[in-house]
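Participant: starting from these lines, generate the structure:
(one chain, ligands or ions: 1)
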Amino acid sequence: MAHGTQVQEIRRNAGGKLSLALSSGQTLEADLVIMATGIRPNIDFLAGSGVSVEPGGIPVDDRMQTNIPGIYAAGDVAIGPDILAGRTASDTSASAHAIQPTAVDHGRIAGANMAGHETHYPGSLLLNVLDVVNLHCASFGLWRDEGHDTTTVFNASRPIYRKYVWHEDRIVGALFVGPIDDVTMLNDVGMVKGLIQTQQPLGDWAAYVKANPTDVRRAYVASGAAQALIGRTLLGAPARDRAYRVDGKTPPAWDKTATHGPLVSTQSEHYRELNPTPTPGIGKAE
Ligand SMILES: Cc1cc2nc3c(=O)[nH]c(=O)nc-3n(C[C@H](O)[C@H](O)[C@H](O)COP(=O)(O)OP(=O)(O)OC[C@H]3O[C@@H](n4cnc5c(N)ncnc54)[C@H](O)[C@@H]3O)c2cc1C
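Facilitator: The predicted structure is shown next:
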(Lines give C-alpha, C1' and ligand atoms only; values in the text may rest on other atoms or scores of the structure.)
Protein backbone atom coordinates (compact mmCIF):
# COMPACT_ATOMS: atom_id res chain seq x y z
CA MET A 1 0.00 0.00 0.00
CA ALA A 2 1.39 3.39 -0.96
CA HIS A 3 -0.14 6.63 0.31
CA GLY A 4 0.53 10.28 -0.48
CA THR A 5 2.12 9.53 -3.81
CA GLN A 6 1.09 9.72 -7.47
CA VAL A 7 1.51 7.43 -10.45
CA GLN A 8 3.86 9.11 -12.92
CA GLU A 9 4.31 6.38 -15.51
CA ILE A 10 2.90 2.96 -16.39
CA ARG A 11 5.00 0.63 -18.56
CA ARG A 12 4.66 -3.03 -19.49
CA ASN A 13 7.83 -4.79 -18.44
CA ALA A 14 9.58 -7.70 -20.14
CA GLY A 15 7.64 -10.23 -18.09
CA GLY A 16 4.33 -8.81 -19.37
CA LYS A 17 3.43 -7.20 -16.04
CA LEU A 18 2.66 -3.54 -15.55
CA SER A 19 5.31 -1.48 -13.84
CA LEU A 20 4.15 1.71 -12.09
CA ALA A 21 6.61 4.49 -11.34
CA LEU A 22 5.44 6.54 -8.35
CA SER A 23 6.36 10.11 -7.51
CA SER A 24 7.89 8.82 -4.27
CA GLY A 25 10.52 7.00 -6.38
CA GLN A 26 8.97 3.64 -5.55
CA THR A 27 8.12 1.15 -8.31
CA LEU A 28 5.15 -1.22 -8.14
CA GLU A 29 4.40 -4.27 -10.27
CA ALA A 30 0.78 -5.08 -11.10
CA ASP A 31 -1.34 -7.37 -13.28
CA LEU A 32 -4.15 -4.84 -13.49
CA VAL A 33 -4.43 -1.11 -12.87
CA ILE A 34 -7.83 0.34 -11.94
CA MET A 35 -8.05 4.11 -11.85
CA ALA A 36 -10.45 5.55 -9.26
CA THR A 37 -9.74 9.18 -8.72
CA GLY A 38 -13.06 10.39 -7.35
CA ILE A 39 -14.69 13.68 -8.31
CA ARG A 40 -14.15 17.32 -7.46
CA PRO A 41 -16.57 19.99 -8.65
CA ASN A 42 -15.19 23.03 -10.48
CA ILE A 43 -17.06 25.71 -8.51
CA ASP A 44 -14.36 28.26 -7.73
CA PHE A 45 -16.01 30.71 -10.12
CA LEU A 46 -18.92 31.01 -7.68
CA ALA A 47 -16.76 32.65 -5.02
CA GLY A 48 -18.37 35.92 -4.00
CA SER A 49 -21.55 35.22 -6.00
CA GLY A 50 -23.69 34.54 -2.94
CA VAL A 51 -24.47 30.99 -4.10
CA SER A 52 -23.76 28.66 -1.17
CA VAL A 53 -21.19 25.98 -1.88
CA GLU A 54 -19.73 23.08 0.06
CA PRO A 55 -16.55 21.14 -0.69
CA GLY A 56 -18.62 18.46 -2.49
CA GLY A 57 -20.69 20.82 -4.62
CA ILE A 58 -23.67 23.19 -4.59
CA PRO A 59 -26.52 22.30 -2.21
CA VAL A 60 -29.93 22.42 -3.89
CA ASP A 61 -33.49 21.79 -2.71
CA ASP A 62 -35.88 19.26 -4.23
CA ARG A 63 -36.56 21.66 -7.11
CA MET A 64 -32.80 21.88 -7.81
CA GLN A 65 -32.81 25.49 -6.69
CA THR A 66 -29.77 26.87 -4.88
CA ASN A 67 -29.99 29.15 -1.84
CA ILE A 68 -30.68 32.01 -4.28
CA PRO A 69 -34.19 31.95 -5.79
CA GLY A 70 -34.07 31.57 -9.55
CA ILE A 71 -30.57 30.05 -9.61
CA TYR A 72 -30.48 26.29 -10.15
CA ALA A 73 -27.74 23.66 -10.16
CA ALA A 74 -27.90 20.17 -11.65
CA GLY A 75 -25.71 17.15 -12.30
CA ASP A 76 -22.32 16.27 -10.83
CA VAL A 77 -21.95 19.71 -9.35
CA ALA A 78 -25.21 19.59 -7.33
CA ILE A 79 -25.71 18.11 -3.88
CA GLY A 80 -29.33 17.07 -4.25
CA PRO A 81 -31.98 14.92 -2.54
CA ASP A 82 -31.11 11.26 -1.99
CA ILE A 83 -33.95 8.79 -2.44
CA LEU A 84 -32.68 6.74 0.50
CA ALA A 85 -32.48 9.69 2.87
CA GLY A 86 -33.34 8.73 6.42
CA ARG A 87 -33.30 5.00 5.74
CA THR A 88 -30.28 4.39 7.94
CA ALA A 89 -28.49 6.15 10.75
CA SER A 90 -25.37 6.81 8.66
CA ASP A 91 -27.39 8.15 5.77
CA THR A 92 -27.49 11.79 4.81
CA SER A 93 -30.43 13.55 3.25
CA ALA A 94 -28.45 15.02 0.37
CA SER A 95 -25.75 13.61 -1.87
CA ALA A 96 -23.72 14.34 -4.97
CA HIS A 97 -24.30 11.15 -6.99
CA ALA A 98 -21.99 11.89 -9.88
CA ILE A 99 -23.55 9.57 -12.44
CA GLN A 100 -25.29 10.16 -15.74
CA PRO A 101 -28.84 9.10 -14.67
CA THR A 102 -28.74 11.58 -11.79
CA ALA A 103 -27.48 14.34 -14.09
CA VAL A 104 -30.37 13.67 -16.50
CA ASP A 105 -32.96 13.67 -13.67
CA HIS A 106 -31.49 16.84 -12.20
CA GLY A 107 -31.52 18.58 -15.56
CA ARG A 108 -35.16 17.68 -16.22
CA ILE A 109 -36.29 18.77 -12.74
CA ALA A 110 -34.31 22.01 -12.89
CA GLY A 111 -35.57 22.74 -16.42
CA ALA A 112 -39.21 22.12 -15.47
CA ASN A 113 -38.98 24.41 -12.45
CA MET A 114 -37.15 27.10 -14.39
CA ALA A 115 -39.96 26.97 -16.95
CA GLY A 116 -42.55 27.48 -14.21
CA HIS A 117 -43.73 23.87 -13.83
CA GLU A 118 -43.25 23.27 -10.11
CA THR A 119 -41.80 19.79 -9.80
CA HIS A 120 -40.26 18.10 -6.79
CA TYR A 121 -37.53 15.50 -7.07
CA PRO A 122 -37.93 12.37 -4.91
CA GLY A 123 -34.14 11.93 -4.97
CA SER A 124 -31.39 10.14 -6.81
CA LEU A 125 -30.22 6.58 -6.35
CA LEU A 126 -26.51 5.84 -6.35
CA LEU A 127 -25.82 3.06 -8.82
CA ASN A 128 -23.04 1.62 -10.92
CA VAL A 129 -23.18 -1.12 -13.53
CA LEU A 130 -19.98 -2.16 -15.26
CA ASP A 131 -18.11 -4.96 -16.95
CA VAL A 132 -14.91 -5.87 -15.14
CA VAL A 133 -12.78 -8.43 -16.97
CA ASN A 134 -15.89 -10.26 -18.24
CA LEU A 135 -17.77 -10.08 -14.96
CA HIS A 136 -20.88 -7.96 -14.70
CA CYS A 137 -20.82 -5.94 -11.51
CA ALA A 138 -23.65 -3.79 -10.20
CA SER A 139 -24.05 -1.79 -7.04
CA PHE A 140 -27.09 0.09 -5.80
CA GLY A 141 -27.86 2.37 -2.91
CA LEU A 142 -26.36 1.77 0.51
CA TRP A 143 -24.45 -1.35 -0.51
CA ARG A 144 -21.58 -0.84 1.89
CA ASP A 145 -23.61 0.19 4.88
CA GLU A 146 -22.30 -1.35 8.05
CA GLY A 147 -24.46 -2.52 10.92
CA HIS A 148 -27.41 -3.72 8.88
CA ASP A 149 -28.86 -7.09 8.16
CA THR A 150 -27.33 -8.44 5.00
CA THR A 151 -28.08 -11.46 2.87
CA THR A 152 -25.10 -12.80 0.96
CA VAL A 153 -24.85 -15.44 -1.74
CA PHE A 154 -21.43 -16.58 -2.90
CA ASN A 155 -20.23 -19.28 -5.25
CA ALA A 156 -16.63 -18.81 -6.35
CA SER A 157 -16.79 -21.64 -8.88
CA ARG A 158 -19.27 -19.93 -11.25
CA PRO A 159 -18.50 -17.15 -10.03
CA ILE A 160 -21.51 -15.50 -8.38
CA TYR A 161 -21.76 -12.98 -5.58
CA ARG A 162 -24.81 -11.17 -4.28
CA LYS A 163 -25.42 -9.03 -1.27
CA TYR A 164 -28.66 -7.39 -0.17
CA VAL A 165 -28.57 -4.77 2.59
CA TRP A 166 -31.77 -4.54 4.63
CA HIS A 167 -33.42 -1.80 6.61
CA GLU A 168 -36.37 -3.44 8.35
CA ASP A 169 -38.36 -5.11 5.54
CA ARG A 170 -36.91 -2.98 2.74
CA ILE A 171 -33.81 -3.52 0.61
CA VAL A 172 -31.70 -0.34 0.78
CA GLY A 173 -28.56 -1.55 -0.98
CA ALA A 174 -27.31 -4.37 -3.17
CA LEU A 175 -24.23 -5.75 -4.89
CA PHE A 176 -24.18 -8.19 -7.78
CA VAL A 177 -21.24 -9.89 -9.48
CA GLY A 178 -21.74 -12.57 -12.11
CA PRO A 179 -20.91 -13.85 -15.58
CA ILE A 180 -22.00 -11.56 -18.40
CA ASP A 181 -24.29 -14.24 -19.87
CA ASP A 182 -26.16 -14.87 -16.60
CA VAL A 183 -29.64 -13.73 -17.66
CA THR A 184 -31.12 -14.59 -14.27
CA MET A 185 -28.78 -12.16 -12.62
CA LEU A 186 -29.58 -9.44 -15.14
CA ASN A 187 -33.32 -9.83 -14.49
CA ASP A 188 -32.80 -9.77 -10.74
CA VAL A 189 -30.56 -6.70 -10.97
CA GLY A 190 -33.47 -4.77 -12.50
CA MET A 191 -35.98 -5.99 -9.93
CA VAL A 192 -33.74 -5.31 -6.93
CA LYS A 193 -33.01 -1.85 -8.30
CA GLY A 194 -36.78 -1.30 -8.52
CA LEU A 195 -37.27 -2.45 -4.94
CA ILE A 196 -34.57 -0.05 -3.73
CA GLN A 197 -35.82 2.82 -5.86
CA THR A 198 -39.45 2.50 -4.77
CA GLN A 199 -38.64 1.44 -1.19
CA GLN A 200 -41.65 -0.85 -1.25
CA PRO A 201 -41.96 -2.68 2.09
CA LEU A 202 -41.71 -6.43 1.55
CA GLY A 203 -43.58 -7.51 4.68
CA ASP A 204 -43.52 -11.30 4.96
CA TRP A 205 -41.67 -11.47 1.67
CA ALA A 206 -38.53 -10.09 3.32
CA ALA A 207 -38.09 -13.38 5.18
CA TYR A 208 -38.73 -15.25 1.93
CA VAL A 209 -36.03 -13.30 0.02
CA LYS A 210 -33.58 -13.77 2.89
CA ALA A 211 -34.17 -17.54 2.70
CA ASN A 212 -34.29 -17.58 -1.14
CA PRO A 213 -32.05 -14.72 -2.29
CA THR A 214 -32.04 -15.81 -5.92
CA ASP A 215 -35.85 -15.84 -6.14
CA VAL A 216 -36.60 -12.12 -6.18
CA ARG A 217 -39.40 -12.17 -8.74
CA ARG A 218 -42.27 -13.24 -6.48
CA ALA A 219 -41.42 -10.63 -3.86
CA TYR A 220 -41.03 -7.99 -6.56
CA VAL A 221 -44.48 -8.68 -8.01
CA ALA A 222 -46.12 -9.00 -4.59
CA SER A 223 -44.60 -5.76 -3.30
CA GLY A 224 -46.23 -3.67 -6.03
CA ALA A 225 -42.85 -2.22 -7.05
CA ALA A 226 -43.72 -2.53 -10.75
CA GLN A 227 -46.93 -0.56 -10.30
CA ALA A 228 -45.10 2.06 -8.26
CA LEU A 229 -42.48 2.46 -10.99
CA ILE A 230 -44.81 2.45 -13.98
CA GLY A 231 -47.23 4.86 -12.35
CA ARG A 232 -44.55 7.41 -11.69
CA THR A 233 -43.16 9.89 -14.16
CA LEU A 234 -40.36 12.20 -13.15
CA LEU A 235 -42.11 15.39 -14.18
CA GLY A 236 -45.59 14.27 -13.12
CA ALA A 237 -46.95 14.21 -16.69
CA PRO A 238 -49.89 11.86 -17.32
CA ALA A 239 -48.86 8.37 -18.39
CA ARG A 240 -49.43 7.56 -22.06
CA ASP A 241 -51.00 4.48 -23.64
CA ARG A 242 -48.55 1.68 -23.00
CA ALA A 243 -49.58 -0.05 -26.22
CA TYR A 244 -50.16 -3.28 -24.35
CA ARG A 245 -51.74 -5.75 -26.78
CA VAL A 246 -53.02 -9.30 -26.41
CA ASP A 247 -53.18 -11.16 -29.74
CA GLY A 248 -52.75 -7.80 -31.44
CA LYS A 249 -55.76 -6.22 -29.65
CA THR A 250 -56.08 -3.77 -26.80
CA PRO A 251 -57.54 -5.59 -23.78
CA PRO A 252 -61.17 -4.37 -23.51
CA ALA A 253 -61.23 -3.26 -19.89
CA TRP A 254 -58.78 -2.41 -17.23
CA ASP A 255 -58.98 -4.87 -14.40
CA LYS A 256 -57.09 -4.01 -11.28
CA THR A 257 -56.95 -7.64 -10.21
CA ALA A 258 -55.18 -8.71 -13.40
CA THR A 259 -51.41 -8.98 -13.28
CA HIS A 260 -51.22 -7.01 -16.53
CA GLY A 261 -53.18 -4.12 -15.02
CA PRO A 262 -50.28 -1.72 -14.66
CA LEU A 263 -49.16 -2.41 -18.21
CA VAL A 264 -52.57 -1.56 -19.65
CA SER A 265 -53.84 1.38 -17.65
CA THR A 266 -53.09 4.92 -18.66
CA GLN A 267 -54.93 6.35 -15.66
CA SER A 268 -52.67 7.40 -12.84
CA GLU A 269 -55.48 6.98 -10.28
CA HIS A 270 -55.55 3.29 -11.09
CA TYR A 271 -52.02 2.92 -9.80
CA ARG A 272 -53.01 4.43 -6.51
CA GLU A 273 -55.80 1.87 -6.18
CA LEU A 274 -53.37 -0.96 -6.71
CA ASN A 275 -52.18 -2.22 -3.40
CA PRO A 276 -51.29 -5.83 -3.91
CA THR A 277 -50.61 -7.84 -0.82
CA PRO A 278 -48.49 -10.97 -0.74
CA THR A 279 -50.49 -14.08 -1.52
CA PRO A 280 -50.55 -15.96 1.78
CA GLY A 281 -48.75 -19.24 1.71
CA ILE A 282 -47.21 -18.85 -1.75
CA GLY A 283 -43.51 -19.45 -1.47
CA LYS A 284 -43.36 -18.11 2.05
CA ALA A 285 -40.47 -19.00 4.29
CA GLU A 286 -41.70 -21.05 7.23
C1 LIG B 1 -14.19 8.57 -17.13
C2 LIG B 1 -15.64 8.69 -16.73
C3 LIG B 1 -16.50 7.62 -16.90
C4 LIG B 1 -17.82 7.71 -16.53
N5 LIG B 1 -18.65 6.63 -16.70
C6 LIG B 1 -19.93 6.71 -16.35
C7 LIG B 1 -20.80 5.61 -16.54
O8 LIG B 1 -20.41 4.55 -17.03
N9 LIG B 1 -22.10 5.74 -16.17
C10 LIG B 1 -22.57 6.89 -15.62
O11 LIG B 1 -23.76 6.94 -15.29
N12 LIG B 1 -21.77 7.96 -15.44
C13 LIG B 1 -20.47 7.90 -15.78
N14 LIG B 1 -19.64 8.98 -15.58
C15 LIG B 1 -20.21 10.17 -14.96
C16 LIG B 1 -20.97 11.02 -15.98
O17 LIG B 1 -20.12 11.29 -17.08
C18 LIG B 1 -21.37 12.32 -15.28
O19 LIG B 1 -22.17 12.03 -14.14
C20 LIG B 1 -22.17 13.24 -16.20
O21 LIG B 1 -21.46 13.54 -17.37
C22 LIG B 1 -22.50 14.52 -15.44
O23 LIG B 1 -23.12 15.43 -16.30
P24 LIG B 1 -23.05 16.98 -15.98
O25 LIG B 1 -23.82 17.64 -17.08
O26 LIG B 1 -23.46 17.21 -14.58
O27 LIG B 1 -21.51 17.37 -16.04
P28 LIG B 1 -20.48 17.29 -17.23
O29 LIG B 1 -20.86 16.22 -18.20
O30 LIG B 1 -19.13 17.23 -16.58
O31 LIG B 1 -20.68 18.68 -17.96
C32 LIG B 1 -20.26 19.89 -17.36
C33 LIG B 1 -19.80 20.83 -18.46
O34 LIG B 1 -19.61 22.12 -17.91
C35 LIG B 1 -18.41 22.65 -18.44
N36 LIG B 1 -17.92 23.67 -17.50
C37 LIG B 1 -17.27 23.49 -16.33
N38 LIG B 1 -17.00 24.69 -15.76
C39 LIG B 1 -17.51 25.64 -16.54
C40 LIG B 1 -17.57 27.05 -16.49
N41 LIG B 1 -17.04 27.74 -15.50
N42 LIG B 1 -18.19 27.69 -17.50
C43 LIG B 1 -18.76 27.03 -18.53
N44 LIG B 1 -18.73 25.68 -18.63
C45 LIG B 1 -18.12 24.99 -17.66
C46 LIG B 1 -17.50 21.45 -18.58
O47 LIG B 1 -16.48 21.71 -19.52
C48 LIG B 1 -18.49 20.40 -19.08
O49 LIG B 1 -18.64 20.41 -20.47
C50 LIG B 1 -18.31 8.91 -15.96
C51 LIG B 1 -17.45 10.00 -15.79
C52 LIG B 1 -16.14 9.90 -16.17
C53 LIG B 1 -15.23 11.10 -15.99
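Participant: what's the distance between Asn187 and the ligand?
Facilitator: Applying C-beta to the nearest ligand atom, to the nearest Å, the value for Asn187 to the ligand is 21 Å. (Glycine included, C-beta is placed from N, CA and C.)
Participant: for Gly15, same thing?
Facilitator: 29 Å.
Participant: what does Ala112 give?
Facilitator: When Ala112 is compared with the ligand (using C-beta to the nearest ligand atom), they lie 16 Å apart.
Participant: how many neighbours does the residue in the stretch 101-250 of the chain that the ligand sits nearest to have?
Facilitator: Closest to the ligand within the stretch 101-250 of the chain is Ala103: 3.5 Å, counting by C-beta to the nearest ligand atom. Other residues near Ala103 come to 17 when the count uses other C-beta atoms under 10 Å.
Participant: list of residues touching stretch 171-182?
Facilitator: Contact with stretch 171-182 is made by 84, 87-88, 131, 134-145, 148, 158-166, 185, 188-189, 192-193, 195-196, 199, 202, 209, as judged by C-beta atoms under 8 Å, 6 or more residues apart in numbering.
Participant: which bits of this protein sit near the ligand?
Facilitator: Asn42, Phe45, Gly75, Asp76, Val77, Ala98, Ile99, Gln100, Pro101, Ala103 (C-beta under 6 Å from any ligand atom).
Participant: can you redo those residues as JSON lines with pLDDT and distance to Val60?
Facilitator: Formatted as JSON lines, the residues of the chain next to the ligand follow (pLDDT from 0 to 100; distance: C-beta to C-beta, whole Å):
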{"residue": "Asn42", "pLDDT": "93", "distance to Val60": "17"}
{"residue": "Phe45", "pLDDT": "96", "distance to Val60": "17"}
{"residue": "Gly75", "pLDDT": "96", "distance to Val60": "10"}
{"residue": "Asp76", "pLDDT": "95", "distance to Val60": "12"}
{"residue": "Val77", "pLDDT": "96", "distance to Val60": "9"}
{"residue": "Ala98", "pLDDT": "91", "distance to Val60": "14"}
{"residue": "Ile99", "pLDDT": "94", "distance to Val60": "16"}
{"residue": "Gln100", "pLDDT": "95", "distance to Val60": "18"}
{"residue": "Pro101", "pLDDT": "94", "distance to Val60": "17"}
{"residue": "Ala103", "pLDDT": "97", "distance to Val60": "13"}
